[in-house]
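In: my questions concern the predicted model and sequence given below.
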Amino acid sequence: MTGFYDDANQEIYKVRTHAAGPKGELPLTPAMLINRPSGDLFGMTMNAGIGWNPDELDRDEVLLVSTLGGIRGADGKPIALALHQGHYELDVQLRAAANEIKAGKALPYAVYVSDPCDGRTQGTLGMFDSLPYRNDASMVMRRLIRSLPNVKAVVGVATCDKGLPATMMALASQHDKAIVLVPGGSTLPAVGGEDNGRVQTIGARFANGELSLHDARRFGCSACASAGGGCQFLGTAGTSQVVAEGLGIALPHSALAPSGEPVWEDIARASARAALALMKAGIHAKDIITSKAIENAMMVHAAFGGSTNLLLHIPAIAHQAGVKLPAVEDWIRINQAVPRLVDVLPNGPKYHPTVRAFMAGGVPEVMLHLRDLGLLHLDAMTVTGKTVGENLEWWEKSERRAKFKAILEELEHVSPDDVIMSPEVAKARGLTSTITFPVGNIAPEGSVIKSTAIDPSVIDPDGVYRHKGPCKVYFSEKSAVYDIKHEKVKKGDILIIAGTGPSGTGMEETYQVTSSLKHLSYGKYVSLVTDARFSGVSTGACIGHVGPEALAGGPIGKLRTGDIVDIEVDTRTLHGRVNFLGTAETGELPLEAATKLLNARATDPEIAPDPDLPDDTKLWAALQSLSGGTWRGCVYDVPMILDAIKRIPKA
């Protein structure tokens with residue numbers, strides 16, 4: 001194999017075929033040898049072989065489950081690149097947590113199920129694996145946890161869009177074990193640079209003459225100012241972190257910490273101590289993830305103005321926990337009751353990066369306001385071993401709260417009260433509730449829009465966004481992006497992207513479109529309706545999750561270019577509609593007649609699964625469909641699946 005092996009390297013021939021085994025003895029007793037399974041005993045043998053002190057091998061086992069990726073050198077520089085910075089530096093947090101577990105006289109183990117990056121896969125075939133990956137990763141994590149049969153506590157360490165929800169699902173399934181989630185924090189924003197959301201639009205802005213080649217090169221290089229953490233906006237990664245804290249499975253004031261900073265590493269140590277304390281106290285996942293905890297998490301989501309992707313992830317966490325899944329009615333009820341209080345990217349109005357939300361007090365600061373409004377379930381248990389109410393009493397008087405707020409003012413010259421506002425101030429500044437669920441003859445099962453992210457300048461004085469006109473129909477995101485880059489999308493257009501739900505593309509994100517519309521001068525005057533989903537950083541009048549999807553016979557797949565579409569979103573009452581009203585030939589019809597005309601149509605013959613859709617994703621799409629689909633979180637509900645299989649006629 002000349003050219004591959006280094007034939008000049010004679011050191012390779014200095015090889016051992018035997019070696020002395022580890023010194024010492026395993027801490028075995030006659031009862032252990034007689035009563036414990038061989039796997040327990042052989043596990044000790046392997047641990048000694050790995051190099052652990054054999055005298056310490058009969059301790060309580062704690063498993064660290066992480067999405068770590070890449071290979072870091074001793075100097076922090078990459079030896080092998082990670083798929084994203086969100087999992088690149090997690091070894092630092094893992095090492096800190098493991099050392100704390102060891103110091104606590106327990107036995108730390110670590111396993112890894114790395115994760116993809118939605119930003120890296122935008123516009124590529126990799127996006128077809130994005131959402132399906134979550135179920136696969138969670139399943140592998142659960143298998144790994146079960147592979148350490150005597151584990152008493154599980155600590156999850158994760159950061160980003162799909163890996164963090166997958167980790168939370170895996171933790172939620174550990175009903176009789178202690179669990180803690182360590183959020184991977186936030187990427188530092190670059191001085192004078194663009195954030196990770198805006199920088200993803202350099203291609204569209206250059207194509208439309210709104211960005212120079214030099215600026216595209218410079219902005220594209222400089223957006224990430226730290227090698228770790230999730231994106232600087234409240235996308236799915238940041239939202240998942242604050243939801244974990246709201247759920248009670250992450251320590252108070254642990255979400256969105258600045259990556260690589262001492263506080264970020266200290267959060268991992270503190271989380272390990274919490275896991276040990278929970279283990280000793282006998283407080284398990286089932287004691288923390290309850291229906292009350294799910295509602296608390298939904299309230300935190302609403303108050304932050306979080307990503308609509310959590311409508312897929314929170315039900316999936318509830319499913320794994322074995323508690324009631326939130327229905328659309330629950331989301332509407334909570335979003336009507338809970339005001340948005342946080343001003344961060346991408347919602348505005350001032351667009352602070354997420355690290356400022358951490359410095360301003362983060363999740364516990366928001367929860368103080370929700371407590372004072374009488375909204376939270378204060379008796380819900382958390383990983384501190386105390387209730388939400390007890391945690392907030394500590395936070396209100398804590399040195400940590402005062403010091404981080406002071407640092408924010410000193411370093412950024414930003415008032416914490418401008419990042420996390422009181423309900424009165426938020427209302428005065430025009431912050432509206434987070435999400436609305438439009439229905440209509442295009443979306444009879446419902447849809448979702450992050451109504452808080454619609455540009456205020458296109459919302460009428462009564463708080464209603466209205467857009468009526470002929471639509472342009474696309475059957476892929478790439479075709480819509482092509483038209484945007486070639487200036488074929490104009491001010492006032494209504495774009496329909498159909499056939500991009502679970503069965504078509506794995507329910508891809510359409511962030512290439514939504515980000516372009518956000519950062520192009522005319523974009524706020526364009527609406528989008530799709531059976532796909534959106535990136536958490538998406539903004540504008542973008543209606544997604546349209547059900548049924550086109551490939552399941554949904555009316556969205558029956559629309560034709562030129563059809564008259566009517567969109568109305570009330571950002572105050574959180575009601576909305578999205579209706580077909582007629583064709584260029586018929587003109588606008590009464591709603592009943594228009595609905596009858598639409599339903600009588602066949603699905604457009606061009607709508608089909610993407611020819612490059614992987615078999616893995618086709619299987620995921622079928623299984624989640626049998627389990628209730630997107631409105632039940634795209635889960636695998638095994639009893640529902642088995643029941644469906646039993647009902648298949650035998651040949």
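Out: Structure received. Residues are numbered from 1 along each chain as shown.
In: show me where the stretch 51-200 of the chain dips below the pLDDT cut-off.
Out: The stretch 51-200 of the chain contains no residues with pLDDT under 70.
In: and the helices in it?
Out: In the stretch 51-200 of the chain, the segments counted as helices under DSSP state H, counting those that start in this stretch are 85-88, 90-103, 118-121, 130-146, 163-172.
In: the last one to helix 130-146, inter-axis angle?
Out: Helix 163-172 runs at 40 degrees relative to helix 130-146, counting by axes from the mean of the first three to the mean of the last three C-alpha atoms, to 10 degrees.
In: what helices and strands are in contact with helix 163-172?
Out: Judged by 3 or more C-beta pairs under 8 Å, 6 or more residues apart in numbering; DSSP states H and E, helix 163-172 is in contact with strand 61-66, helix 130-146, strand 151-158, strand 178-183, helix 236-247, helix 310-321. (Each C-beta comes from the backbone N, C-alpha and C, glycine too.)
In: ok, the first one next?
Out: Judged by 3+ C-beta pairs under 8 Å, 6+ apart, helix 85-88 has no packing partners among the helices and strands.
In: still on that earlier bit, deepest of the helices of the stretch 51-200 of the chain, which one?
Out: Sort those by mean neighbour count, taking mean count of other C-beta atoms under 10 Å, and helix 163-172 sits at the top with a mean of 30.
In: count of neighbours near Ser457?
Out: If you count neighbours by other C-beta atoms under 10 Å, Ser457 ends up with 7.
In: pretty sure it is touching Lys524, no?
Out: Yes: shown here, Ser457 and Lys524 form a contact pair, counting by C-beta atoms under 8 Å, at 6.8 Å.
In: can you get me the start-to-end distance on stretch 301-320?
Out: Start-to-end span of stretch 301-320 (C-alpha to C-alpha, to the nearest Å) is 19 Å.
In: go through this structure and flag its longest strand.
Out: Scanning the chain for the longest strand, with DSSP state E as the assignment, gives strand 464-474.
In: ok, residues contacting that one?
Out: Applying C-beta atoms under 8 Å, 6 or more residues apart in numbering, the contact partners of strand 464-474 are 451, 454, 458-460, 480, 483, 489, 492-498, 527, 529, 541, 559-572, 581, 584, 604.
In: would you map the strands across this protein?
Out: Under the criterion DSSP E, the chain contains strands at 61-66, 71-72, 78-80, 107-112, 151-158, 178-183, 446-449, 464-474, 494-497, 527-530, 542-547, 564-570, 575-583, 587-588.
In: and the helix or strand of the chain with the lowest mean pLDDT with strand 542-547, angle?
Out: Each helix and strand of the chain was given a mean pLDDT (mean pLDDT, DSSP states H and E); the minimum falls on helix 511-519 at a mean of 81. Helix 511-519 and strand 542-547 meet at an angle of 150 degrees, taking the same axes, to 10 degrees as the criterion.
In: what's Phe404 in contact with, if anything?
Out: Phe404 is in contact with His253, Phe358, Met359, Ala360, Gly361, counting by C-beta under 8 Å, 6+ apart.
In: ok, how many other residues are close to the second one?
Out: Yep, that's Phe358 we're talking about. Phe358 has 28 nearby residues by other C-beta under 10 Å.
In: rewinding a little: just the CA trace of the least confident helix or strand of the chain, in PDB.
Out: What follows is helix 511-519 as a C-alpha-only set of coordinates in PDB (Å, rounded to 0.1, in the frame of the first residue of the first chain):
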ATOM      1  CA  TYR A 511     -35.400  29.800   6.200                       C
ATOM      2  CA  GLN A 512     -33.700  30.700   3.000                       C
ATOM      3  CA  VAL A 513     -37.000  32.300   2.000                       C
ATOM      4  CA  THR A 514     -38.000  33.800   5.300                       C
ATOM      5  CA  SER A 515     -34.600  35.200   6.100                       C
ATOM      6  CA  SER A 516     -34.400  36.800   2.600                       C
ATOM      7  CA  LEU A 517     -37.800  38.400   3.100                       C
ATOM      8  CA  LYS A 518     -36.700  39.700   6.500                       C
ATOM      9  CA  HIS A 519     -33.500  41.400   5.200                       C
END
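In: now do that helix against strand 464-474, angle only.
Out: Helix 511-519 runs at 140 degrees relative to strand 464-474, counting by the same axes, to 10 degrees.
In: thinking again about what came up before, ok, which of the helices of the stretch 51-200 of the chain comes nearest Pro353?
Out: Closest approach to Pro353 among these (C-beta to C-beta): helix 85-88, 14.5 Å.
In: the closest residue to Thr530 other than its chain neighbours and Pro590: what is the separation?
Out: Closest residue to Thr530 apart from its sequence neighbours, by C-beta to C-beta, 6 or more residues apart in numbering: Ile497 at 4.0 Å. For Ile497, the distance to Pro590 equals 27 Å [C-beta to C-beta, to the nearest Å].
In: the two: which is more packed in?
Out: Neighbours were counted for Ile497 and for Pro590 using other C-beta under 10 Å; Ile497 has more, 28 against 10.
In: check contacts around that one.
Out: Residues near Ile497 by C-beta under 8 Å, 6+ apart: Tyr474, Phe475, Ser476, Glu477, Ala480, Thr510, Val513, Leu528, Val529, Thr530, Asp531, Ala532.
In: with distance to Gly228 as extra columns, can I get the helices and strands packed on helix 163-172 in CSV?
Out: Listed next are these as CSV, based on distance: least, C-beta to C-beta, whole Å:
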stretch, distance to Gly228
strand 61-66, 13
helix 130-146, 19
strand 151-158, 12
strand 178-183, 12
helix 236-247, 12
helix 310-321, 22
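In: tell me where the longest helix sits in this structure.
Out: Within the chain, and with DSSP state H defining each element, the longest helix by residue count is helix 262-281.
In: what about the residue nearest to Gly362 when sequence neighbours are not counted, how many neighbours?
Out: Nearest non-adjacent residue to Gly362, counting by C-beta to C-beta, 6+ apart: His253, 5.0 Å away. His253: 23 surrounding residues under other C-beta under 10 Å.
In: and what of His175?
Out: Number of residues near His175 (other C-beta under 10 Å) recorded here: 14.
In: again with Glu393
Out: By the measure other C-beta under 10 Å, the count of residues near Glu393 is 15.
In: just for this structure, where's the confidence low?
Out: Residue ranges of the chain with pLDDT under 70: 1-2, 536-537.
In: try 80
Out: Along the chain, the parts satisfying pLDDT under 80 run over 1-3, 196-197, 225, 515, 518-519, 535-540, 651.
In: got the buried residues for stretch 460-480?
Out: Using 16 or more other C-beta atoms under 10 Å as the test for burial, stretch 460-480 gives Tyr465, His467, Cys471, Lys472, Val473, Tyr474, Phe475, Ser476, Glu477, Ala480.
In: closest one of these to Ile50?
Out: Proximity of these to Ile50 (C-beta to C-beta) peaks at Glu477, which lies at 46.8 Å.
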